[in-house]
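**Student:** model this:
(chains A and B)
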Protein chains: 2
Amino acid sequence: MNHFNLKTYLTSNLGVDISEIFFSEDNYFEREYNKGDYILEMGEFCQHILFVEQGLLRQYAIDEKGKEHVLLFAPEGWFVADRESLYFNEPSKYYIQALENTKVRLIDDEFIKKIECNYSEFRDFNTRLLHNQIRTLQNRVMMLMSQTAEERYLQFIKTYPDIPLRVPQIMIASYLGITPESLSRVRKALVSNSK
Amino acid sequence: MNHFNLKTYLTSNLGVDISEIFFSEDNYFEREYNKGDYILEMGEFCQHILFVEQGLLRQYAIDEKGKEHVLLFAPEGWFVADRESLYFNEPSKYYIQALENTKVRLIDDEFIKKIECNYSEFRDFNTRLLHNQIRTLQNRVMMLMSQTAEERYLQFIKTYPDIPLRVPQIMIASYLGITPESLSRVRKALVSNSK
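**Tutor:** Take a look at the predicted model:
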């Protein structure tokens, strides 16, 4: 199983020794969740940026008819936060749930603001994360508006190569905005074409 | 017709006299476009953030089958940029086109980086724009995944109250990810329900 370490990750991505910044465990504490546990629930205030060191999370919403809609999956090495709730200090519209036993680092929002003032490298890194998120969301909007079920699935496995082995198909169908039957047809067709 | 002025807008939103920052017209020059003109075309590099002082822009993509998909409309007082192209220095996947005779201010990307270093108010403002964009895109993804045609249209007129009077219905249908026939049915039903 993959394992990522936040300090190693940031040190190699920021090009500075991150130990200087994260000198105290209070500011980026570790937390372990069991499969099925919630890190954030709808109506709560998101107060941390999460970094997945091991395991898998999903961020999703439940609509008025009770249907789930997956906004994203976050395997090892991914950052997750409900940026809307975190930044605008609003109750979240989303749930963040562990789909496997998961180890995360929670970085405190107030601490992020503080280190952004003192370390321009960290500020630049956070700006990069925001732009990455915009890029991902723009691509997702375009996917939902213009792509066939097959094109959506092919793009999905490029982004998340091992997720089809780790989560139920119904969640992948939800992420792709297609029916589970349609996903099943696409997967069968891809297997038979590759024979 | 509405008219917004970038200096007035920023001064009231940033709480500092923006004339100090935008001392030279070179850094945020004015440009006028005729209806139908392109500010950005697919394959070009986006190098400015645009502020619409008067008129209306749309950002859209054309898929492989030649179909247009509207990512956003930008009336007076809106900022627009292909952040993906601007930040990652990649060719744009989008077109930005004037839907009316439009007056914009183009803020140079290099200049933004420079003033972000010197004016924390401007950096904070830009960070706010990024978070606003994430919020809008997240809502859009959820709209495309979970809402009926009627719910999409009602949300649309909340965001863009006067756009239905300013653009062809086919563009609104494209933004909403529904067929023009479906949009027409929704609008008729809303009119007859309100009688």
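**Student:** give me the neighbour count for A:H131.
**Tutor:** Here the neighbour count serves as a burial measure; for A:H131 (other CB atoms under 10 Å in any protein chain shown) it reads 18. To be clear about C-beta, it is placed using only N, CA and C from the backbone, and glycine gets the same treatment.
**Student:** same check, this time on A:R83
**Tutor:** When neighbours are defined as other CB under 10 Å, A:R83 has 18 of them.
**Student:** and it, its phi and psi?
**Tutor:** Main-chain torsions, A:R83, degrees, to the nearest 10: phi -60, psi -30.
**Student:** now do the contacts for the spatially closest residue to it that is not a sequence neighbour.
**Tutor:** Leaving aside its sequence neighbours, A:R83 sits nearest to B:I134 (CB to CB, 6 or more residues apart in numbering or on different chains; 5.1 Å). Contacts were defined as CB atoms under 8 Å, 6 or more residues apart in numbering or on different chains; by that measure B:I134 touches A:R83, A:E84, A:L130, A:Q133, A:I134, A:L137.
**Student:** pLDDT value on B:I134, please?
**Tutor:** At B:I134, the model reports a pLDDT of 96.
**Student:** surely it is within a helix?
**Tutor:** Yes - with DSSP: H, G, I helix; E, B strand; the rest coil as the criterion, B:I134 is assigned to a helix.
**Student:** quick check: it vs B:A81, distance?
**Tutor:** Look at B:I134 and B:A81: by CB to CB, to the nearest Å, they are 14 Å apart.
**Student:** could you do A:E150 as well?
**Tutor:** To B:A81, A:E150 is 32 Å away according to CB to CB.
**Student:** neighbour count winner among those two?
**Tutor:** Here A:E150 and B:A81 are set side by side on neighbour count (other CB under 10 Å), and the busier one is B:A81, at 25 against 17.
**Student:** check contacts around that one.
**Tutor:** With contacts taken as CB under 8 Å, 6+ apart, B:A81 has the following neighbours: B:C46, B:H48, B:I49, B:L50.
**Student:** so what's the residue nearest the centre of chain A scoring on pLDDT?
**Tutor:** When chain A is reduced to its mean C-alpha position, the nearest residue by CA atoms, centre = their mean turns out to be A:A74, at 3.3 Å. At A:A74, the model reports a pLDDT of 97.
**Student:** spell out the secondary structure type for it.
**Tutor:** Going by three-state DSSP, the secondary structure assigned to A:A74 is strand.
**Student:** surely it touches A:V80?
**Tutor:** Yes - taking CB atoms under 8 Å as the contact criterion, A:A74 and A:V80 are neighbours in contact, 4.3 Å apart.
**Student:** correct me, but A:H48 touches A:E110?
**Tutor:** No - at 10.0 Å, A:H48 and A:E110 do not qualify as touching, with contact defined as CB under 8 Å.
**Student:** of the two, who's got more company?
**Tutor:** Here A:H48 and A:E110 are set side by side on neighbour count (other CB under 10 Å), and the busier one is A:H48, at 22 against 8.
**Student:** contacts only, for that one.
**Tutor:** Under the criterion of CB under 8 Å, 6+ apart, the contact partners of A:H48 comprise A:A81, A:L86, A:L106, A:I107, A:D108, A:D109.
**Student:** ok, these vs B:I163, which is closest?
**Tutor:** Closest approach to B:I163 among these (CB to CB): A:L86, at 29.9 Å.
**Student:** separation between the closest one and chain B?
**Tutor:** 9 Å (CB to the nearest CB, to the nearest Å).
**Student:** near chain B at all, stretch A:11-29?
**Tutor:** No - contact of stretch A:11-29 with chain B is not found when judged by CB under 8 Å from any CB of the partner chain; the minimum separation is 15.3 Å.
**Student:** so what's the residue in chain A that chain B sits nearest to up against?
**Tutor:** In chain A, the residue that lies nearest chain B is A:L137 (3.7 Å; CB to the nearest CB). With CB under 8 Å, 6+ apart as the criterion, the residues that contact A:L137 are B:I134, B:L137, B:Q138, B:R140, B:V141.
**Student:** break down chain A into its helices, ranges please.
**Tutor:** In chain order, chain A shows helices spanning A:6-14, A:83-88, A:109-118, A:120-146, A:149-159, A:169-176, A:180-193, with DSSP state H as the criterion.
**Student:** what are the buried residues along the shortest one?
**Tutor:** Neighbour-count burial for helix A:83-88, with 16 or more other CB atoms under 10 Å in any protein chain shown as criterion, is recorded at A:R83, A:E84, A:S85, A:L86, A:Y87.
**Student:** got the residues of chain A near chain B?
**Tutor:** Taking CB under 8 Å from any CB as the criterion, the neighbours of chain B within chain A are A:61, A:63, A:67, A:69, A:71, A:83-84, A:87-88, A:93, A:123, A:127-128, A:130-131, A:133-135, A:137-138, A:140-142, A:144-147, A:174, A:177.
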